[in-house]
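Chemist: please find the sequence and the predicted model below.
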Amino acid sequence: PTLVSTGMITRPIAEIASIIKADTALAAGTAPDGRTYGTIADSYILAAAQAVAFHEKEWRSDLTPARYVALPETSGYFRDSQGRPMSDAYALPYNMENALGRTMFYLYQATGNTAYKDRAVLLARHLSGGQDRTGGALVWKYWDWSEDLSIEDTSHAWISVDFMRMMYQSGLYFDEGRMAALLATYHQNVVPSSSVVNNIIDGTEPISGEEREFGAMWTVLSSLDKTIGVKARQIATGNILTTWRYMVRSLSALDESRKADGAQCKLDTECKSDMCFGGKVCGARLGVGRTCTRDVECASRSCASGKC
């Protein structure tokens, strides 16, 4: 299996496992097959962990920055759009390795194993190092290969965009300035208006027809900017990406139903502020000097000695 395929398959089961593990009452509940949901979550974690471990031979910590690569033995069949062996690049496209990065993010959330967090941070660092700011917006290449200067396309970029959102909202990587620039990428380059969707994230190659719905994939950022959901609903009117159209509507509805500060909660994602303090109450991130238990609780993303 390819790295990206493994990531796309395992990300959902790792996320489900993290949700179950975060709720002791849910974990203790009994599923229709007689197992507890906690036991089911453990099986999901094992499956995702084994899948991630399969690709360890593709990890190159000796390169700077550290990254995943295609193995030489894949040169006969694993090639880019121009027919060149992917193994010649000593890198994989950012979206491919970030697909697995999302799985590792949720495995860290589910298990607390910092090895998954550390790898996810290295992947975030690799992506960050390849990003430039142009006109206030972030732009990056398809991959970190000097022989291919192609800019990332909208439909593949959403995987990295989702990875960035996850790492930012959890306080693990990326700051507000970079996320503001990412939102600018969407509004200035990807979907500058409800009638224009561009295929390349630098704002080039306008898309016509139903493939305009590729712009709706960036709805993963709607928790940071509600206007993205509005644009996405206007875009998602065709048939080719029906699944995405339903996802757009579902995510928009989810965002509108999230809880305000002071409401009871168990998970950060239940809150409009993306912060559930102590697994009990939604609230805004804390200012300098406030008492904290996690980096993510602080507006500065830094909790040192119990203080923001």
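Modeler: Nice, I can see it.

Chemist: strands of the stretch 1-150 of the chain, start to end?
Modeler: 59-60, 67-68, 131-134, 137-140 (DSSP state E, counting those that start in this stretch).

Chemist: list the contacts of the third one.
Modeler: When contacts are taken as CB atoms under 8 Å, 6 or more residues apart in numbering, the neighbours of strand 131-134 outside the stretch itself are L138, V139, W140, R178, A181, D202. Quick note: C-beta positions are derived from backbone N, CA and C, even for glycine.

Chemist: same check on the last one?
Modeler: Taking CB under 8 Å, 6+ apart as the criterion, the residues outside strand 137-140 that touch it are 94, 127, 130-133, 151-152, 160, 178, 181-182, 184-185, 188-189, 201-203.

Chemist: hmm, try it at 6 Å
Modeler: G130, Q131, D132, E152, A181, L182, A184, T185, Q188, N189, I201, D202 (CB atoms under 6 Å, 6 or more residues apart in numbering).

Chemist: neighbours of the first one, how many?
Modeler: Which is G130. Applying other CB atoms under 10 Å, we find 18 other residues in the vicinity of G130.

Chemist: likewise the last one?
Modeler: When counting by other CB under 10 Å, one arrives at 19 neighbours for D202.

Chemist: kindly report the same for the fifth one.
Modeler: For A181, the tally of surrounding residues (other CB under 10 Å) stands at 19.

Chemist: can you tell me how far the residue lying farthest from the centre of the chain sits from R233?
Modeler: For the chain, the largest distance from the centre (CA atoms, centre = their mean) belongs to G34, which lies 33.2 Å off. Relative to R233, G34 is positioned 42 Å away (CB to CB, to the nearest Å).

Chemist: show me where the stretch 101-250 of the chain has helices.
Modeler: Applying DSSP state H, counting those that start in this stretch to the stretch 101-250 of the chain gives helices spanning 114-129, 154-169, 176-184, 226-235, 242-257.

Chemist: mind putting these into a markdown table with mean pLDDT and distance to E58?
Modeler: Listed next are those as a markdown table, based on pLDDT from 0 to 100; distance: least, CB to CB, whole Å:
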| stretch | mean pLDDT | distance to E58 |
| --- | --- | --- |
| helix 114-129 | 97 | 12 |
| helix 154-169 | 95 | 17 |
| helix 176-184 | 96 | 27 |
| helix 226-235 | 82 | 33 |
| helix 242-257 | 51 | 29 |
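
Chemist: by mean pLDDT, flag the weakest helix or strand of the chain.
Modeler: In the chain, the helix or strand scored least confidently by mean pLDDT, DSSP states H and E is helix 242-257, which has a mean of 51.

Chemist: and the helix or strand following that one, what does it pack onto?
Modeler: Where DSSP states H and E defines the elements, the next helix or strand beyond helix 242-257 is strand 276-277. Here strand 276-277 touches no other helix or strand, going by 3 or more CB pairs under 6 Å, 6 or more residues apart in numbering; DSSP states H and E.

Chemist: list of residues touching strand 276-277?
Modeler: C265, L267, D268, C282, G283.

Chemist: is it true that the first one touches C271?
Modeler: Spelled out, it's C265. Yes: when contacts are counted by CB atoms under 6 Å, C265 is listed as touching C271 (5.5 Å).
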